[in-house]
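>>> give me coordinates for this.
(4 chains)
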2 protein chains.
Amino acid sequence: MASDASPAPTFTKPVTLREVASLAGVSVATASKALNGQGRMTAETRERIRETAQRLGFRPNSLAQSLLRRRSFTVGLLTNDTYGRFSLPVMSGISDALVDKGVSVFLCNVEDDQRLGQLHVDAMLDKRVDGIIATGKRIDRHLPVDLSNLGVPTIYAFTQPDPGAIAFVSDDAGGARLAVEHFWRLGRRRIAHVTGPASFAVVHARAQAYRDVLTEKGLPVMEPLLGSWSEAWGHEAVKKLFDGQLLDGKREKPDAVFCGNDQIARGVIDALRERGLGVPDDVGVIGFDNWQIVAEATRPPLTSVDMNLAALGREAGLTLLSLVGGEPAEPGIRKLPCRLVVRQSCGRPPDG
Amino acid sequence: MASDASPAPTFTKPVTLREVASLAGVSVATASKALNGQGRMTAETRERIRETAQRLGFRPNSLAQSLLRRRSFTVGLLTNDTYGRFSLPVMSGISDALVDKGVSVFLCNVEDDQRLGQLHVDAMLDKRVDGIIATGKRIDRHLPVDLSNLGVPTIYAFTQPDPGAIAFVSDDAGGARLAVEHFWRLGRRRIAHVTGPASFAVVHARAQAYRDVLTEKGLPVMEPLLGSWSEAWGHEAVKKLFDGQLLDGKREKPDAVFCGNDQIARGVIDALRERGLGVPDDVGVIGFDNWQIVAEATRPPLTSVDMNLAALGREAGLTLLSLVGGEPAEPGIRKLPCRLVVRQSCGRPPDG
DNA sequence: AAAGCTTGGGAAAAGGTTTTCTCAAAGGGA
DNA sequence: TCCCTTTGAGAAAACCTTTTCCCAAGCTTT
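Numbers count the residues shown, from 1 in each chain, chains lettered A, B, ... in the order given. Okay, the predicted model is just below:
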């Protein structure tokens, strides 16, 4: 119900510097300098202008400033991650890094639609963004837009960059090492890997790191099980792992499963429970992504590799800013480290 | 690795109307009119100017246009939903509604931080947004900012509005009716309700609608079970429902559970399975939110109430635009209908 | 042929701010 | 008293586009 006590909203014109100046009895030039701490004038004059501006609620028109400075204090953020599971932390990091510098972010969801992508990029360019950050849901796919010769600095964060560009991505191999080495430290020796489809680059990166660590440690390497990113696949994989005879010769069942994402891990844990296998007592499980809402709802709560996406976003934002400021930056792909978030699905270290 | 074939990126100054005009041998006034289809001139002149602009890749500077038109074709979107589960669909709807009109969206995540909120609002105002949309993760909580006298039109979408404002929210009672009535049509008669904490307004709205429908149909009403929004609570609630004697006198167990969100529903379904109760054969389950990734991963896939958040966002966006255009709009709260997304957790209607 | 209309196009102001010059007055030194 | 320096502040250009008004030339009408 509408409150009839509230007045009709009135959208008054913002007050301009000219008005401030005239009320303070000075020229706009002097007013501008007073408010920006520039120029020379008596302390009283400066204070009087300040006070007038304050009283009138003066806010400099950012459009006019931008026009003059050829800098809009605005960046565009392109994403195709409609659901935002990966993009949101990245965005949040970017925004964090920029808000303090007075830079605002245009969010543009381009889905996987070329037309939409072009529309957004054109709008951003028209609005004279100082730079562009591209992010996405997959590290190994391009957004459906060409960002190569836009005339503004561009950074890629968690998406496939154009050659010669600057990109920030997660260190998936490092993350996988973290997981497998954690198992190893806990005394687990028969470590399996259940992951997503072969079409994802990260699947191979993580799988290779998994193999590498096992080899380094002298542990038996079993071929990673590739499937989909779903709980259902986690279930199915447990069947394959524990019914088959996968550990060459030994026929021993895994005592640890490193999963390609948290959903798979969840499926694995549920399937293990249904078989009467305890987590973490009989089998340890580690997920990937540290999707909090899943990891914490899992029973037991899931230890998982976190890609530090917010930090990644922050780095991307800061780097873009330095680029905008004219500082040079080496092109190339920077891999940012993951971290392991330990919950209860692996058990405790022997001498924790 | 950096490709050494790619040239160092060069950020050239955008071409201005003046350059176009001078190359076409006309004044800027004429050039402007030519490109905007205004004014009078020979067809050749117009074409020559168009062609020159095209060749130079001229894009009118939106900042200059905005300054003149006192309209930035920009709106601010405030949210405190860091995780984006509710905000993202809303945002996506808003963006959809606006992008075709050339309006871009500043995304501002204010968490629950007053300072951050003020920072973002100030930045938006400085950048002369045409309007503001506030959205959040809870329909019954304010954002940590005061948006009441900003001087620009403001719309609330899926968050608690200030009095006298315009707001769009989901019709939770209607959504609950949809669920309970669906159970009824399927022949379920002992319908329970497991939902979130009493501190949420939607909990009461949905619970009341649940009671209303049961009363209308002459079915036994059991008091809704209030708890948390978690899977764990879903588990626990099943215990209470199926161990206790909740249906007054009859001691009959529920044959349907309407859950306050999809996570609770998931917990309920898992707990039922662990008790040897089949879903949907023995008990039907309906969730709320239609959180696709959860609803589809549940076994069986979960029937759930969808709040149509994208549509809500679209409405909010369009309404803001009409407000910006100066059209009047009635203040008040508009409830938008939910819809039921039927999957497999309720069974089929008797005469499908 | 004079007066009026149409046509094609330009000059200038406006939008709000910043910055570089410029200048008058005041003060200081000789 | 005269010249030079410092101080305080204003004028104007610049950023880029749009729009209103204006003007000159050519044409029509009487």
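>>> okay, now residue A:220: neighbour count?
16 (other CB atoms under 10 Å in any protein chain shown). Placement of C-beta: from N, CA and C, glycine included.
>>> equivalent analysis for residue A:223, please.
A count of nearby residues for residue A:223, using other CB under 10 Å, gives 11.
>>> need the contact list for the most centrally placed residue in chain A.
The centroid of chain A falls nearest to residue A:90 when counting by CA atoms, centre = their mean (2.1 Å). Residues near residue A:90 by CB atoms under 8 Å, 6 or more residues apart in numbering or on different chains: A:135, A:157, A:158, A:309, A:310, A:312, A:313, A:316.
>>> quick one, helices of chain A?
Using DSSP state H, the helices assigned to chain A run over residues A:17-24, A:28-36, A:43-56, A:62-69, A:87-99, A:114-126, A:172-185, A:201-217, A:231-243, A:262-274, A:292-297, A:309-324.
>>> quick one: the ones you listed as TSV, columns for mean pLDDT and distance to DNA strand D too.
Formatted as TSV, the helices of chain A follow (pLDDT from 0 to 100; distance: least, CB to the nearest atom of the strand, whole Å):
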stretch	mean pLDDT	distance to DNA strand D
helix A:17-24	94	7
helix A:28-36	94	3
helix A:43-56	94	4
helix A:62-69	96	4
helix A:87-99	91	24
helix A:114-126	94	9
helix A:172-185	97	43
helix A:201-217	97	42
helix A:231-243	94	53
helix A:262-274	95	49
helix A:292-297	91	46
helix A:309-324	96	16
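>>> indicate which one of those is closest to residue A:165.
Minimum separation from residue A:165 across the helices of chain A (CB to CB) falls at helix A:309-324, 10.9 Å.
>>> quick one on the thing from earlier: could you work out the most separated pair of the contacts of residue A:90?
Using CB to CB, these span at most 12.1 Å, a distance reached by A:135 and A:310.
>>> which of these two has more residues huddled nearby?
Using other CB under 10 Å, the more surrounded residue of residue A:135 and residue A:310 is residue A:135, with 26 against 20.
>>> what residues go with each domain of chain A?
With domains defined by automatic domain parsing, chain A comprises A:17-60, A:72-170+A:309-337, A:172-307.
>>> does DNA strand C sit close to the first one?
Yes: using CB under 7 Å from any atom of the strand as the criterion, contacts between domain A:17-60 and DNA strand C involve A:17-18, A:28-29, A:32-33, A:35-36, A:38-39, A:58-60.
>>> how about residue A:71: what's its closest non-neighbour residue?
Nearest residue to residue A:71, sequence neighbours excluded (CB to CB, 6 or more residues apart in numbering or on different chains): residue A:130, at 5.8 Å.
>>> does that neighbour touch residue A:322 like I think?
No: counting by CB atoms under 8 Å, residue A:130 does not reach residue A:322; the two are 11.6 Å apart.
>>> looking at those two, which is more packed in?
Legend: neighbour count by other CB under 10 Å for residue A:130 and residue A:322, higher for residue A:130 (21 against 13).
>>> contact partners for that one?
A:71, A:72, A:73, A:74, A:75, A:103, A:152, A:153, A:324.
>>> distance of residue A:331 from residue A:172?
Per CB to CB, to the nearest Å, residue A:331 is found 21 Å from residue A:172.
>>> adding distance to residue B:83 as columns, could you present the helices of chain A in TSV?
Listed next are those as TSV, based on distance: least, CB to CB, whole Å:
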stretch	distance to residue B:83
helix A:17-24	41
helix A:28-36	40
helix A:43-56	38
helix A:62-69	30
helix A:87-99	7
helix A:114-126	24
helix A:172-185	21
helix A:201-217	22
helix A:231-243	20
helix A:262-274	14
helix A:292-297	7
helix A:309-324	12
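>>> so which of those helices gets nearest residue B:214?
Residue B:214 lies closest to helix A:292-297 among the helices of chain A, at 29.7 Å (CB to CB).
>>> tell me the buried residues in the closest one?
For helix A:292-297, a neighbour-count test (16 or more other CB atoms under 10 Å in any protein chain shown) marks A:293, A:294, A:295, A:296, A:297 as buried.
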